[in-house]
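Asks: The following comprises the amino acid sequence and a computationally predicted model.
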Protein chains: 2
Amino acid sequence: MTNTKATAAHQALPLNQILDGDCVEAMNALPENSVDLIFADPPYNLQLRGDLHRPDNSKVDAVDDAWDQFGSFAHYDSFTRAWLSAARRVLKPNGAIWVIGSYHNVFRMGAELQNQGFWILNDVVWRKSNPMPNFRGKRLTNAHETMIWASKSEGAKYTFNYEALKSLNEGIQMRSDWVIPICNGGERLKDDKGDKAHPTQKPEALLHRILVGTTNPGDVVLDPFFGTGTTGAVAKMLGRDFIGIEREEAYRVVAKRRLAKIRKYDKEALEVSTSKRSEPRVPFGQLVERGMLRPGEELFSMNGRHKVKVRADGTLIGDDVKGSIHQVGAHLEGAPSCNGWTYWTFKRDGKQVPIDLLRQQIRAEMN
Amino acid sequence: MTNTKATAAHQALPLNQILDGDCVEAMNALPENSVDLIFADPPYNLQLRGDLHRPDNSKVDAVDDAWDQFGSFAHYDSFTRAWLSAARRVLKPNGAIWVIGSYHNVFRMGAELQNQGFWILNDVVWRKSNPMPNFRGKRLTNAHETMIWASKSEGAKYTFNYEALKSLNEGIQMRSDWVIPICNGGERLKDDKGDKAHPTQKPEALLHRILVGTTNPGDVVLDPFFGTGTTGAVAKMLGRDFIGIEREEAYRVVAKRRLAKIRKYDKEALEVSTSKRSEPRVPFGQLVERGMLRPGEELFSMNGRHKVKVRADGTLIGDDVKGSIHQVGAHLEGAPSCNGWTYWTFKRDGKQVPIDLLRQQIRAEMN
DNA sequence: GAGTTTACTGAATCCGAAA
DNA sequence: CTTTCGGATTCAGTAAACT
């Protein structure tokens, strides 16, 4: 994975800018299949009682009875359908999307995501450590919001930095419920009058976890509802490129000022823990070729129950079985699969040593 | 609120019974506007592809029952539409409904609830304290399920026992996220062969909280997907009447046996389980996500002998070592283990401050 | 009997490079 | 495109087995 993307398509994107205007039009003006990740925090407090029209363009004058309630949902659904399909168009085939919402709108977004062919990977609960209490005591304290993480389609090769998220969580795999405080204090942006600049500014910690976990340095992150630019700010810190779209000038002004102050972390700090899957493959036969193990030498299973011999071509032979280190291990254990590297040991100076130690030696030499 | 309902309509209901058959037909056979609460745990429409094995090669017992197979979203939606409208019909005007699901189906249920005119009061997250891990490391651990609580319509006078839930929560307003273990151990019902009687038995603690919070003694609680009868069992304990509907005979048999053993609670029996509260674990990565420490920032060992840098995923990197705060500390000291929280410090205003101070700050926020 | 180790299990849309 | 096969991957809790 390189940190610099020098392709023409990449360079043609309006990177690290805030685009003015309606997000559907702005996204449709971008080239298709061009962004790696979309983070979307759409409004759900649409003016339901204002200039609302039914799909047939007849005016909706009240939202009290069931029909008009349905009418307002239909209106919200068509809004959702429009921006999600524009988002889908600009997303790379192996790209992914995050959306965030509350019970007012998240069920409609989730259903529409599925309808359009996005493939849900997880729903993630942002559990607020300091939510607004329910003052009237008529319901439960609304202490969370819901995010949905989805790939563009089933089977797509989405980015997931498993080890990095595991590191963020003290070595235990990251769960689908994230405890993060709401955005306040110094992080909360104020306007010139000292009031909060945006009603629903998201905490940077949320975006940090999303971008560390599901993008790589140099990726392009699009936020069609940019607001005051949390997505852009964290993307910049983390060495990702962003594209923001925001139609309210007041928000664009605040976001621009905010972004100017952000510095990218240094490169070393942006490298994250990687999995063993990304290490080069070492054929077992190489240990034999190099004389680290000799043909005819005996290997012993980790549990001590089985003994086999190494052959010159890097296969193993036992009493009634021959094949690769993995195949023989799986067969002897009656298991569907087996990692031969961790299953087999050899003897040196009377002690049992895992063969994986030899693989590590070879890998060390490769650097 | 009386505890005895002597009306003819109430008496005519098949109370505290398990009805055989399809839930839509069975609900349509009940009088309209007759039940106080519905709890529904419908099939989730999981779409599992192949087998899944744990890292130890044991096979995961998948939910592959015929009742969870739907051909498409369209089929699932029409199923949902049918049972929800039948449920709506039998619900009293001031009644309420709870549904539970995962990301596979909950967005479709939530949207359909809204479409039918139900009024969502809260979405509630059941955070599992002991979920099944993600064995392949390809996604986040699926550690929660979502419940939706809705009244029959906007403005309905639903039941909400605010103080009772507050008491259940040690005097603090009950939040929309509930930490409850999955159902296992002695509570998990077994069949004659000793296998689990139902693949998705819900914990009684979940229903306990729902019924205490949103029904009164003597209320009628309907469960159209009764399974092995958790709803009925808790309703009986708490002095509520129930109506169960279940089409699988095997589940009805188990549920009936279970219910026969249940006794209505004595008040004092309720107060036994107070939680042992230990200090919550705080991952070091959270300090980074929250910007309390920045990627690239330097940490110094308490003894001043070592200096390392923080990375974006909450690991540390030194001259020849990287890993968690504990691992790196242990390595540098040549010790078998090390408490990184007390070992590392950072600089603020020229002074060395232990990182543990930041952890204490986060813990303070959590209370 | 008391303490320790091993085995088992849970609503899961769970692999990917090379041939 | 399909097939093959190397080999990476788990947390909390219960209960049985063992010392």
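Replies: Looks like it arrived, so ask away.
Asks: in the stretch 51-200 of chain A, which spans are helices?
Replies: Along the stretch 51-200 of chain A, the stretches classed as helices by DSSP state H, counting those that start in this stretch are A:66-90, A:106-115, A:162-168.
Asks: List, one by one, the residues from chain A near DNA strand D.
Replies: A:162-163, A:166, A:171-173, A:275-277, A:279, A:281-284, A:323-327, A:337-342 (Cβ under 7 Å from any atom of the strand). All C-beta spots, glycine's among them, are computed from the backbone N, C-alpha and C.
Asks: from those residues, which would you call buried?
Replies: Among the residues of chain A next to DNA strand D, those scoring as buried are A:162-163, A:166, A:171, A:173, A:282, A:284, A:323-327, A:338, A:340-341 (criterion: 16 or more other Cβ atoms under 10 Å in any protein chain shown).
Asks: filter those by proximity to chain B?
Replies: With Cβ under 8 Å from any Cβ of the partner chain as the criterion, these include A:162-163, A:171, A:173, A:338 near chain B.
Asks: Between all of those residues, which two are separated the most?
Replies: A:Gly171 and A:Cys338 (25.2 Å; Cβ to Cβ).
Asks: that older thread, which one, of the helices of the stretch 51-200 of chain A, ends up nearest to A:Val221?
Replies: helix A:66-90 (11.7 Å).
Asks: neighbours around the closest residue to DNA strand C within chain A, how many?
Replies: Residue nearest to DNA strand C within chain A: A:Ile120 (3.9 Å; Cβ to the nearest atom of the strand). Using other Cβ atoms under 10 Å in any protein chain shown, A:Ile120 is surrounded by 17 other residues.
Asks: got it, and A:Thr7?
Replies: For A:Thr7, using other Cβ under 10 Å, the count is 9.
Asks: Report the distance from stretch A:126-139 to the chain centre.
Replies: Counting by Cα atoms, centre = their mean, to the nearest Å, stretch A:126-139 is centred 28 Å from the centre of its parent chain.
Asks: Quick one: check it for contact with chain B.
Replies: Yes: using Cβ under 8 Å from any Cβ, stretch A:126-139 reaches chain B at A:127, A:129-131, A:133-134, A:137-139.
Asks: I'd like the average pLDDT over that stretch.
Replies: Mean per-residue pLDDT for stretch A:126-139: 93.
Asks: From the opening residue of stretch A:126-145 to its closing one, how far?
Replies: 5 Å (Cα to Cα, to the nearest Å).
Asks: Quick check: buried residues in that stretch?
Replies: Going by neighbour count (16+ other Cβ under 10 Å), the buried part of stretch A:126-145 is A:126-128, A:131, A:134, A:139-145.
Asks: from the residues you listed, which two are the most distant?
Replies: Counting by Cβ to Cβ, the most remote pair of the buried residues of stretch A:126-145 is A:Trp126 and A:Arg139, 18.6 Å apart.
Asks: For stretch A:91-106, list every residue counted as buried.
Replies: Applying 16+ other Cβ under 10 Å to stretch A:91-106 flags A:91-92, A:95-103, A:105-106 as buried.
Asks: So which of those sit within strands?
Replies: A:91-92, A:95-101 (DSSP state E).
Asks: show me what contacts A:Thr141?
Replies: A:131-134, B:173-176 (Cβ atoms under 8 Å, 6 or more residues apart in numbering or on different chains).
Asks: sorry, back to before: out of the ones in strands among the buried residues of stretch A:91-106, flag the one nearest to A:His306.
Replies: Among these, and counting by Cβ to Cβ, the member closest to A:His306 is A:Ala96, at 43.3 Å.
Asks: DNA strand D versus that closest one, what's the distance?
Replies: 20 Å (Cβ to the nearest atom of the strand, to the nearest Å).
Asks: likewise A:Pro14?
Replies: 32 Å.
Asks: From what I see, that residue and A:Ile243 are in contact.
Replies: Yes: counting by Cβ atoms under 8 Å, A:Ile243 is a contact partner of A:Pro14 at 6.0 Å.
Asks: Could you check which of the two has the larger neighbour count?
Replies: A:Ile243 (27 against 13).
Asks: Confirm that one sits in a helix?
Replies: No: secondary structure assignment (DSSP: H, G, I helix; E, B strand; the rest coil) places A:Ile243 in strand, not in a helix.
Asks: That one contacts A:Leu19, doesn't it?
Replies: Yes: here A:Ile243 reaches A:Leu19: they are 6.9 Å apart, a contact under Cβ under 8 Å.
Asks: so does the helix or strand hosting A:His331 get close to DNA strand C?
Replies: Taking DSSP states H and E as the definition, A:His331 sits inside helix A:325-333. No: on the criterion Cβ under 7 Å from any atom of the strand, helix A:325-333 is out of touch with DNA strand C, staying 10.8 Å away.
Asks: What lies in contact with that helix?
Replies: Contacts for helix A:325-333 (Cβ under 8 Å, 6+ apart): A:284, A:299, A:301, A:305-306, A:308, A:315-316, A:318, A:321-323, A:335-341, A:343-344, A:355, B:57.
Asks: one step back: find residues that contact each of A:Pro14 and A:Ile243.
Replies: Residues touching both A:Pro14 and A:Ile243 (Cβ under 8 Å, 6+ apart): A:Leu30.
Asks: returning to what we had before: quick check: of the buried residues of stretch A:126-145, which lies closest to DNA strand D?
Replies: Closest to DNA strand D, out of all of those and judged by Cβ to the nearest atom of the strand, is A:Arg127, at 16.2 Å.
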